[in-house]
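Trainee: I'll drop the sequence and a predicted model, then ask my questions.
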Amino acid sequence: MDDLLTPAQRSWFDAAVTFAKSELVDDVASRDLEGTFYRDGYRRCGSLGLLGLPVPREYGGQGDDLLSAVAAVEGLGYGCPDTGLVFALGASLWTVTMPILAFGTEEQRRRWLPGLCDGTLFGANAASEPEAGSDIFSMSTKAEKRGDRWVLNGRKIWITGGAIADVLVVFATVDPGKGALGLTSFIVPKDTPGLRIVREIPKLGMRTAPMAELAFEDCELPLDAILEREGRGARVFNAALEWERGAILAGTLGTMRRQLERCVEHARKRKQFGQAISKFQAVSHRIVDMKLRLETCRPLVYGFARTKARGEDATLEAAMAKLHVSECFVANSLDAVRLFGAAGYVCENGIERDLRDSVGGVIFSGTNDIQRNIIAARLRL
């Protein structure tokens, strides 16, 4: 890692690891079973400054760089076994905090960013719909201007943190006939009349990052609730997705590292047929593959962060990072279950939870098939 980070950036990784091991230790197995978000842990992350690392100090952040933020999230993933918490934290940071910072008015920044940075507010991004997942330009949620108000009507689904969010960035169309030019983004507080939580959605993994379906039923907003400008929602959406795709799996790097260390330790200690199972080539080669996947993932995530920090388009880098890291996490998690055998299959050791948590990575932020389409397009194929 040292060749990827400056000493200052590395210090954020170390601080996050130390913090997570001391402050984010609880009964994650029970919360996973119940599907409970660790809100107190989220607030603690805010008190350390992890939620606002790339946000200027004037808005409540740390004023640090993007690589420091990525390093800190990786450290959280290494020190904290609650993958859902780390994922939800990233979703709020990359798809709500950063868009408000980039596209918000001065008033919007000063209203929302301090709370998002210190952990008193949690943000959710509401774009997906039952009939419009990756095809955002086909969304049916409508925004209509009525006098001095905007009125939203429609449904959103698969919303990470939708049931626990204090503020949402919501996408709607002002005119379906305009396609991308009709898409508009809004900042919606949770207590806005007409915003209703339809249901929380049980899922395979990352159960501690609650998912919800939301309804907007004559949901009235002031005219200044628009984020960016009318008809510029696609710009906000694409930017949020780029941050999310490139950086939200930074925590997974830490999880994979911790996972690998557990497998190495187990392989050295576990005896079968009179010797440590690490001496069997089938086992040692599996661990080698896990190590190789981890080390090929890290440069992609930090490469994205460097490209983005330079102010350059990072669409390609984000798609490659999301695709490769998510696929490798699934492969490593399955290898870990195989290596631990029955002990990996049962719930008490947390090995199977990594496997369940890993599967979502090939779907969220645009499925991996979508990522391959993006990469192919950039190669002019």
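Mentor: Yep, it's here.

Trainee: what residues does the host helix or strand of residue 198 touch?
Mentor: Assessed by DSSP states H and E, residue 198 sits inside strand 195-200. Contacts with strand 195-200, where a contact means Cβ atoms under 8 Å, 6 or more residues apart in numbering, come from 35, 155, 162-163, 168, 188, 210-217, 219. C-beta coordinates here come from the backbone N, C-alpha and C atoms, glycine included.

Trainee: just checking, residue 84 touches residue 207?
Mentor: Yes: when contacts are counted by Cβ atoms under 8 Å, residue 84 is listed as touching residue 207 (6.2 Å).

Trainee: between these two, which has more neighbouring residues?
Mentor: residue 84 (26 against 21; other Cβ atoms under 10 Å).

Trainee: helix, strand or coil for the residue nearest to the more buried one when sequence neighbours are not counted?
Mentor: With Cβ to Cβ, 6 or more residues apart in numbering as the criterion, residue 84 has its nearest non-adjacent residue at 3.2 Å, and that residue is residue 208. Secondary structure assignment for residue 208 (DSSP: H, G, I helix; E, B strand; the rest coil): coil.

Trainee: and this protein, what are its domains?
Mentor: 7-122, 125-231, 237-378 (automatic domain parsing).

Trainee: single out the most deeply packed of those.
Mentor: domain 7-122 (a mean of 21; mean count of other Cβ atoms under 10 Å).

Trainee: average pLDDT across it?
Mentor: For domain 7-122, mean pLDDT is 96.

Trainee: in the chain, spot the helix with the most residues.
Mentor: helix 281-309 (DSSP state H).

Trainee: how far does that helix sit from its chain's centre?
Mentor: 19 Å (Cα atoms, centre = their mean, to the nearest Å).

Trainee: which residues in the protein form strands?
Mentor: Counting by DSSP state E, the segments of the chain that form strands are 123-126, 142-146, 149-160, 167-173, 183-189, 195-200, 211-222, 226-227, 271-272, 275-276.

Trainee: reformat these as CSV; add distance to residue 104.
Mentor: Rendered in CSV, the data for those read as follows (distance: least, Cβ to Cβ, whole Å):
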stretch, distance to residue 104
strand 123-126, 12
strand 142-146, 18
strand 149-160, 16
strand 167-173, 10
strand 183-189, 8
strand 195-200, 20
strand 211-222, 14
strand 226-227, 6
strand 271-272, 58
strand 275-276, 56
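
Trainee: how near is residue 251 to residue 80?
Mentor: With distances taken as Cβ to Cβ, to the nearest Å, residue 251 is found 8 Å from residue 80.

Trainee: spit out the residues that contact those two alike.
Mentor: With Cβ under 8 Å, 6+ apart as the test, residue 251 and residue 80 both reach residue 86.

Trainee: who's in contact with the residue nearest to residue 84?
Mentor: So residue 208 contacts 28, 31-32, 35-38, 82-85, 88 (Cβ under 8 Å, 6+ apart).

Trainee: same thing with residue 321?
Mentor: Here residue 321 is in contact with 245-246, 249, 297, 300-301, 303-304 (Cβ under 8 Å, 6+ apart).

Trainee: what's the answer for residue 326, then?
Mentor: 249, 252, 358, 361-362, 368.

Trainee: one more: residue 94?
Mentor: Counting by Cβ under 8 Å, 6+ apart, the residues that residue 94 touches are 240, 243-244, 247-248.

Trainee: chain neighbours aside, what residue packs nearest to it?
Mentor: residue 243 is the one closest to residue 94 (Cβ to Cβ, 6+ apart), at 4.0 Å.

Trainee: residue 92 too?
Mentor: Closest to residue 92 by Cβ to Cβ, 6+ apart is residue 123, at 4.3 Å.

Trainee: neighbours of the one you found, how many?
Mentor: Neighbour count for residue 123, taken as other Cβ under 10 Å: 26.

Trainee: coming back round to it: who are the packing partners of the longest helix of the chain?
Mentor: helix 66-79, helix 233-247, helix 250-269, helix 315-340 (3 or more Cβ pairs under 8 Å, 6 or more residues apart in numbering; DSSP states H and E).

Trainee: next, report how far the last one is displaced from the centre of its chain.
Mentor: Yep, that's helix 315-340 we're talking about. With Cα atoms, centre = their mean, you get 15 Å for helix 315-340.

Trainee: do the same with the shortest one
Mentor: Distance, stretch centre to chain centre, for helix 66-79: 12 Å (Cα atoms, centre = their mean).

Trainee: now do the contacts for the closest residue to residue 270 other than its chain neighbours.
Mentor: Leaving out its chain neighbours, the residue that sits closest to residue 270 by Cβ to Cβ, 6+ apart is residue 277, at 4.8 Å. Counting by Cβ under 8 Å, 6+ apart, residue 277 makes contact with 267, 270-271, 283, 339.

Trainee: quick check: the farthest pair among these?
Mentor: 271 and 339 (14.2 Å; Cβ to Cβ).

Trainee: and the contacts of stretch 75-84?
Mentor: 12-21, 24, 26, 28, 31-32, 37-38, 41, 45, 50, 86, 89, 205-209, 250-255, 257-258, 350, 353-354, 357.

Trainee: the same query, at a cut-off of 6 Å, please.
Mentor: 13, 16-17, 20-21, 24, 28, 38, 86, 206, 208-209, 251, 254-255, 257-258, 357 (Cβ atoms under 6 Å, 6 or more residues apart in numbering).
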